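S.K.: Sequence plus the predicted model coming up.
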4 protein chains.
Amino acid sequence: MDEKDTNRLEAFSDGVFAVAITLLVLDIKLPYADSSGKLLGNSELWQAIFEQWPMLLAFVTSFFTIGIMWLNHHRIFKHIKHSDTSLVFLNIILLMLIVFIPVPTALLVEYITHPELNTAALLYSGTFFAMALCFNLLWRYASYKGRLLGQQVDMDGVNKISRQYLFGPLVYIIALAIAWINTPASLIFNLLLAIFFALPDTP
Amino acid sequence: MDEKDTNRLEAFSDGVFAVAITLLVLDIKLPYADSSGKLLGNSELWQAIFEQWPMLLAFVTSFFTIGIMWLNHHRIFKHIKHSDTSLVFLNIILLMLIVFIPVPTALLVEYITHPELNTAALLYSGTFFAMALCFNLLWRYASYKGRLLGQQVDMDGVNKISRQYLFGPLVYIIALAIAWINTPASLIFNLLLAIFFALPDTP
Amino acid sequence: MDEKDTNRLEAFSDGVFAVAITLLVLDIKLPYADSSGKLLGNSELWQAIFEQWPMLLAFVTSFFTIGIMWLNHHRIFKHIKHSDTSLVFLNIILLMLIVFIPVPTALLVEYITHPELNTAALLYSGTFFAMALCFNLLWRYASYKGRLLGQQVDMDGVNKISRQYLFGPLVYIIALAIAWINTPASLIFNLLLAIFFALPDTP
Amino acid sequence: MDEKDTNRLEAFSDGVFAVAITLLVLDIKLPYADSSGKLLGNSELWQAIFEQWPMLLAFVTSFFTIGIMWLNHHRIFKHIKHSDTSLVFLNIILLMLIVFIPVPTALLVEYITHPELNTAALLYSGTFFAMALCFNLLWRYASYKGRLLGQQVDMDGVNKISRQYLFGPLVYIIALAIAWINTPASLIFNLLLAIFFALPDTP
């Protein structure tokens, strides 16, 4: 197959990333009236907005996470030039996990102020662990013996990604362990991990 | 018309596929509180999530189905280089069926544990049958005497698709018959069929 | 500005068309339980689905309408090669009307069985009238003295569109008049008009 | 990195803009029945629609705003040819603010007829101020010493944008001050500002 394959795969993936990241706003509902339907006053409204901080924090976190996953996808598909059925399947699984992100995020929002209840945090961290695993599988499959890479491979860039992805699943197991113990710490750790994988020059 | 036509038709279709596949997540609602509004405990939450297995199974099935339909669309449009009004109409009908998928899926989720009630399964299988028929029509129309194919046709690839599509509607009639008898079996059979049509080298 | 301008304008418009056409499915809600929450039996479910015919008809009509509007947009932008701020503004207004379609459609669904109440039909036909006007304005602006057309204009194709668009608003005024008198007739007339504008060779 | 980077960044951004602008329609809910579920008569329905003017005005305003923001994004990315991690991050923050627009808009709709309650107007104007700031940062970062611009820079176009962006945040601070005093005036002022930044030749 020629390069056109990867182009349409990337366009489809870009579309899924774009829709998934935009749908996050549907989970934000700011209150504007009290229980009797009366509009809130100025200070009451500010307070009501500030009380929604877990919702707003989750929006920002998930937005950055999906944005960074897009960046990762973009980065590895700069090297992947060819496509086959297995790659498409791995990519579908990856997109499925990305589309799924709002579900554990919404659960985490409810449980973030109850650190003793770690089920939501485990599900959240577990989703990220599965995503890291899936990125690894996709990359290993495509880069193994240069299977789906272009003719003029940028070996330096390929090796950088391979090295960075080497301990990806390992650190996400640590994230899972943290989720077992402390919900907010695990949220922050997952965000830091996402940013770490966004940096191009980390070893 | 020139090749640009197909390009924008593919871009528009990719967009529809991407939105349709992402909207599936809107049907997933995990419970987090009991009827009195109290947050669920750890084991209660796990149990509540596991009880949503039909919803999660339907999400995975529909996600793969739409993903595979995209792959099929992508595969036949690698050969179709020209466009005309009839092709656009057939493509709109195809996209309409794909966008419609969440509706019978949501119905199936409700009825999956009641195999004696086969209406939902029939509607679900019927949608797939219509989709297979539509893919066939579109392909027959475009490939008939090479009407809309490019100048340098990959006859091998074209013939492979034609052969694979030959008994597509036939097997989907079998799927309809199974839906009449057994709901879960028909769900699995439909998923297997989708995967079968995703394989490139099946006769 | 160079041709790249129109490319990104088309890509953005394709995205809006794709999302708008896919969001139509959100308005389809099939019933599956009676008022006491009990699942419907086989024949009851079939009947409940058939009773939703206005909803399903509106889905099909709106899907075809937006699909045909995409085709029209695609057709005129094959000739428009350059872009400026006014074109972008006219295009935004056009996209706004397309995105708005589900609103009068949903209203029409409720009122279709009450032909004596013509407000919904007028709003529906009015939206289409505004859309036809907007397509005309955009095309007149772009094609006036070949302003935004390419260097090698296909004058035959340009003139065909200009002639076809000449009496567009006129026939939509007839559609408005029909809406005043008869709701279902106006729905069918609007669909026929959309199909008419999709045909490439009408005078 | 080569030009392909910016291409996929633009495609992803176009997708987000397209989804965000289309989702605005989900906030429009026209009433069709009175509290007892009876369909409204002709004059009652017209009146009910007209009473939704803040909702419809907010739809039009937000639609134009996001459309103009797309135009701005498009305009600066005509000059930006290269991409790096910082640019992607700034772009994600910008997209996040654009996706967020419906939230303060929905709040403003509720409070527009209560000018003495300025919290919603402040949040609305504040979002625009943050967006103007973010556009500025992105442009300054990319254009500083021609960092991410192409080899053949259109210095005239670049300088025009830089000059136009110079007092962007300043006028948005004025908008914030107006929001403090008068809600409707601030809505109109924000719309005028958006149109101002859409004009290509303003100094």
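M.R.: Okay, I see it. Numbers count the residues shown, from 1 in each chain, chains lettered A, B, ... in the order given.
S.K.: A:M131 against A:L95, yeah?
M.R.: No - judged on C-beta atoms under 8 Å, A:M131 makes no contact with A:L95 at a distance of 10.3 Å. Every C-beta, even on glycine, is put in place using the N, C-alpha and C of the backbone.
S.K.: Would you map the strands across chain A?
M.R.: With DSSP state E as the criterion, chain A has no strands.
S.K.: Output the set of residues of it in proximity to chain C.
M.R.: Contact residues (C-beta under 8 Å from any C-beta of the partner chain) of chain A with chain C: A:15, A:18-19.
S.K.: pLDDT, neighbour count and distance to D:T6 added to the residues you listed, as CSV?
M.R.: Converted to CSV, the residues of chain A next to chain C look like this (pLDDT from 0 to 100; neighbours: other C-beta atoms under 10 Å in any protein chain shown; distance: C-beta to C-beta, whole Å):
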residue, pLDDT, neighbour count, distance to D:T6
A:G15, 93, 29, 18
A:A18, 94, 30, 16
A:V19, 93, 28, 21
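S.K.: Adding distance to A:R140, write those out as TSV.
M.R.: Shown next, in TSV, are the residues of chain A next to chain C (distance: C-beta to C-beta, whole Å):
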residue	distance to A:R140
A:G15	25
A:A18	27
A:V19	28
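S.K.: show me which of the residues you listed neighbour chain B.
M.R.: Among these, chain B is touched by A:15, A:18-19 when using C-beta under 8 Å from any C-beta.
S.K.: Tell me the one of the residues you listed nearest chain D?
M.R.: Chain D lies nearest to A:A18 out of those, by C-beta to the nearest C-beta, at 2.8 Å.
S.K.: wouldn't the closest one be in contact with D:G15 here?
M.R.: Yes - when contacts are counted by C-beta under 8 Å, A:A18 is listed as touching D:G15 (2.8 Å).
S.K.: any shared contact partners between the two?
M.R.: Shared contacts of A:A18 and D:G15, defined by C-beta atoms under 8 Å, 6 or more residues apart in numbering or on different chains, are found at B:18, C:15.
S.K.: and the residue of chain A nearest chain B?
M.R.: A:G15 (2.8 Å).
S.K.: So that residue versus C:I28, what's the distance?
M.R.: 22 Å (C-beta to C-beta, to the nearest Å).
S.K.: now A:F12
M.R.: On the measure of C-beta to C-beta, A:F12 and C:I28 end up 24 Å apart.
S.K.: the more surrounded of these two?
M.R.: Set A:F12 next to C:I28 and count neighbours by other C-beta atoms under 10 Å in any protein chain shown: A:F12 wins out with 27 against 16.
S.K.: how much space is there between that one and B:H73?
M.R.: Applying C-beta to C-beta to A:F12 and B:H73 gives a distance of 10 Å.
S.K.: what residues are shared contacts of those two?
M.R.: What both A:F12 and B:H73 touch, as defined by C-beta under 8 Å, 6+ apart, is the set B:F17.
S.K.: Would you tell me which residues of chain A are close to chain B?
M.R.: A:4-5, A:8-9, A:11-12, A:14-16, A:18-20, A:23, A:26, A:84-85, A:88-89, A:92, A:95-96, A:99-100, A:102-103, A:106-107, A:110-111, A:114, A:117-120, A:123.
S.K.: show me which of these neighbour chain D.
M.R.: Okay, of these touching chain D (C-beta under 8 Å from any C-beta), that's A:11, A:14-15, A:18-19, A:23, A:26.
S.K.: any shared contact partners between A:M131 and A:L95?
M.R.: By C-beta under 8 Å, 6+ apart, no residue touches both A:M131 and A:L95.
S.K.: rewinding a little: among the residues of chain A next to chain B, the buried ones, what's the ChimeraX command?
M.R.: Command for ChimeraX, covering only those of the residues of chain A next to chain B found buried under the criterion 16 or more other C-beta atoms under 10 Å in any protein chain shown:
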select /A:5,8,9,11,12,14,15,16,18,19,20,23,88,89,92,95,96,99,100,102,103,106,107,110,111,117,118,119,120,123
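S.K.: Okay, and which of the residues of chain A next to chain B map to helices?
M.R.: A:4-5, A:8-9, A:11-12, A:14-16, A:18-20, A:23, A:85, A:88-89, A:92, A:95-96, A:99-100, A:102-103, A:106-107, A:110-111, A:119-120, A:123 (DSSP state H).
S.K.: Next up, phi/psi of the residue lying closest to A:D154 once chain neighbours are set aside, please.
M.R.: In space, and not counting its chain neighbours, A:D154 is closest to A:H79: 6.6 Å by C-beta to C-beta, 6 or more residues apart in numbering or on different chains. Note on A:H79: backbone dihedrals following degrees, to the nearest 10 are phi -90, psi -30.
S.K.: One more: A:Q152?
M.R.: phi -90, psi 80.
S.K.: returning to that earlier point: what is the nearest of the residues of chain A next to chain C to A:F197?
M.R.: Checking the residues of chain A next to chain C against A:F197 with C-beta to C-beta, the nearest one is A:A18 at 20.0 Å.
S.K.: list the contacts for the closest one?
M.R.: B:18, C:15, D:12, D:14-16, D:18-19.
S.K.: Does the residue of chain A closest to chain B touch D:V16 like I think?
M.R.: No - using C-beta under 8 Å, A:G15 is not in contact with D:V16, being 10.2 Å away.
S.K.: burial count for the residue lying closest to A:Q52 once chain neighbours are set aside?
M.R.: Nearest residue to A:Q52, sequence neighbours excluded (C-beta to C-beta, 6+ apart): A:L30, at 6.3 Å. Close neighbours of A:L30, defined as other C-beta under 10 Å, add up to 17.
S.K.: now A:G126
M.R.: Around A:G126 there are 15 residues (other C-beta under 10 Å).
S.K.: contacting residues for the nearest residue to it once chain neighbours are set aside?
M.R.: Distance criterion C-beta to C-beta, 6+ apart; nearest residue to A:G126, sequence neighbours excluded, is A:L176 at 6.5 Å. Contact analysis of A:L176 by C-beta under 8 Å, 6+ apart lists A:122, A:125-126, A:129.
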